[in-house]
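Asker: Provide a 3D model corresponding to the input given below.
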Amino acid sequence: MRTSKFTDSQILAILKEYESGQTAKELSRKYGFLYQTLHDWKKKFGGISSTKELQKIKELESENNRLKKMFANLSLEHEALKDVLFKKVVKPATKREVVNYLVSEYAINIRQACKSLNLERSSYYYHSQRKEDTELIGCLNELSEKHPNYGFKKMFHSLRNQGFPWNHKKVYRVYKKLGLNILRKRRRRLASRERRNLEVPSNYNEVWSMGFMSDSLFNSRRFRTINIIDDYNREAIWIEIGLSIGAMHMTDLLEWIVKERGKPKAIRTDNGPEFTSSVFTNWCHKHRIEIRYIQPGKPTQNAFIERFNRSYRTEVLDARIFNTLIEVREITAEWMEHYNSDRPHESLQNISPMQYLLN
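Answerer: Here you go, the predicted model:
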């Protein structure tokens, strides 16, 4: 850009001489410029009487230009950020990809893009020096095939004993990446049981059968029931309903029933954790009650309670929608009274359990 050979203060002095009465041609000959230039100076510096005013005007112009440039940059950054709002930009690697996108799609430089995404430029230019984990992956896969029961610690120390230099953090990172840290559910070992024929007791209150059931309320909350019947006349002794029924709860219930009704000689159950717990077995041993476990996977050996559970499910649990446990308990109590007193039972010659007991 071509610049004038006169400074601003010199131009203001020439304009003052022009205003004092000298002509443009005289001034042009005196100072050596084209007399038309004087008119351009008048347009530019007209009304300015001192260099201080001129300096203020120049400062205002520079500030105005700076603000315009800032506004343009912010508008551009705003438009660019609107384009990437749908992306989840959290990790540095993702931010680097977005920066590259903004630089290629918009007239924005790397510094602006990094600043708008709150990313340090050193992080943008960083390149990972991590080596590939191919060798470590192969070693871990080989160990897991040879020793499937090995956990992380055993695998790590095995690799160290073989002379590999990887530290525990790297080994654990790859170990988790391969999914080797998934917990394996161990199958519960059940004791072997002797088969016992299912016989109808000869007397009342001789053998009880017990079993658990589960269902859900209208709000999808699960609840459990424990059903107890007398094998002699299939009488429903009690149905306990609760969100959780553990061994302690069960033995407290049996203690109350024994006080009200008397104790049986034996109780037939499956191999559930509540029935095999020490709490239940100790309670039976204390009251000298025999526990008759069925064989695992043989529910027909406990057919009396299984048939009762089916009736309870079809006539109560599946027939209604319950909102609260209170509703379940009330309807169950009504059904138990009907079941024991009025409902015909095919195996009892189509009479109710209480009628069979009285006969």
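
Asker: First-to-last residue distance for stretch 20-40?
Answerer: End-to-end span of stretch 20-40 (C-alpha to C-alpha, to the nearest Å): 18 Å.

Asker: Quick check on residue 205: phi, psi?
Answerer: phi 60, psi 40 (degrees, to the nearest 10).

Asker: List the residues that contact it.
Answerer: By C-beta atoms under 8 Å, 6 or more residues apart in numbering, residue 205 lies in contact with 230, 232, 261, 262, 263, 264. Heads up, the C-betas are built off the backbone N, CA and C, glycines and all.

Asker: quick one, phi psi at the last one?
Answerer: The reference is to residue 264. When read as degrees, to the nearest 10, the backbone of residue 264 gives phi -90, psi 170.

Asker: show me what contacts it?
Answerer: 205, 206, 207, 208, 230, 289.

Asker: Quick check: which ranges of the stretch 51-200 of the chain have low pLDDT?
Answerer: For the stretch 51-200 of the chain, the stretches with pLDDT under 70 are 51-57, 72-90, 182-191.

Asker: could you pull out the helices for it?
Answerer: 51-83, 92-105, 110-116, 121-125, 134-146, 152-161, 168-177 (DSSP state H, counting those that start in this stretch).

Asker: Buried residues, the fifth one. List them.
Answerer: The neighbour-count check on helix 134-146 (16 or more other C-beta atoms under 10 Å) flags 136, 139, 140, 143, 144 as buried.

Asker: neighbouring contacts of it?
Answerer: 150, 155, 158-159, 162, 164, 166, 170-171, 174-175, 178, 180.

Asker: Out of those, which is nearest to residue 319?
Answerer: residue 180 (48.4 Å; C-beta to C-beta).

Asker: Quick one: neighbours of the closest one, just the number.
Answerer: 17 (other C-beta atoms under 10 Å).

Asker: ok, back up a step: please flag which of the contacts of residue 205 sit within helices.
Answerer: Mapping the contacts of residue 205 onto helices (DSSP state H) picks out residue 261.

Asker: Most neighbours out of the contacts of residue 205, which is it?
Answerer: So for these (other C-beta under 10 Å), the most neighbours sit at residue 264, 25 neighbours.

Asker: How far off centre is stretch 140-160?
Answerer: Relative to the chain's own centre, stretch 140-160 is displaced by 30 Å; criterion: C-alpha atoms, centre = their mean, to the nearest Å.

Asker: Next, please give the residue ranges for the strands of the stretch 201-350 of the chain.
Answerer: 207-216, 222-230, 235-242, 266-269, 290-293 (DSSP state E, counting those that start in this stretch).

Asker: Make TSV out of these and add distance to residue 303.
Answerer: Below are the strands of the stretch 201-350 of the chain laid out as TSV (distance: least, C-beta to C-beta, whole Å):
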stretch	distance to residue 303
strand 207-216	9
strand 222-230	11
strand 235-242	16
strand 266-269	10
strand 290-293	13
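
Asker: how about the ones you listed in CSV, adding distance to residue 310 and mean pLDDT?
Answerer: Below are those laid out as CSV (distance: least, C-beta to C-beta, whole Å; pLDDT from 0 to 100):
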stretch, distance to residue 310, mean pLDDT
strand 207-216, 10, 95
strand 222-230, 11, 96
strand 235-242, 13, 95
strand 266-269, 17, 95
strand 290-293, 21, 94
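
Asker: mind checking which of the ones you listed is nearest residue 327?
Answerer: Taking the strands of the stretch 201-350 of the chain one by one with C-beta to C-beta, strand 235-242 is closest: 10.2 Å.

Asker: Report the distance from the closest one to the chain centre.
Answerer: For strand 235-242 - counting by C-alpha atoms, centre = their mean - the centre lies 38 Å from the chain centre.

Asker: What are the buried residues along that strand?
Answerer: 235, 236, 237, 238, 239, 240, 241.
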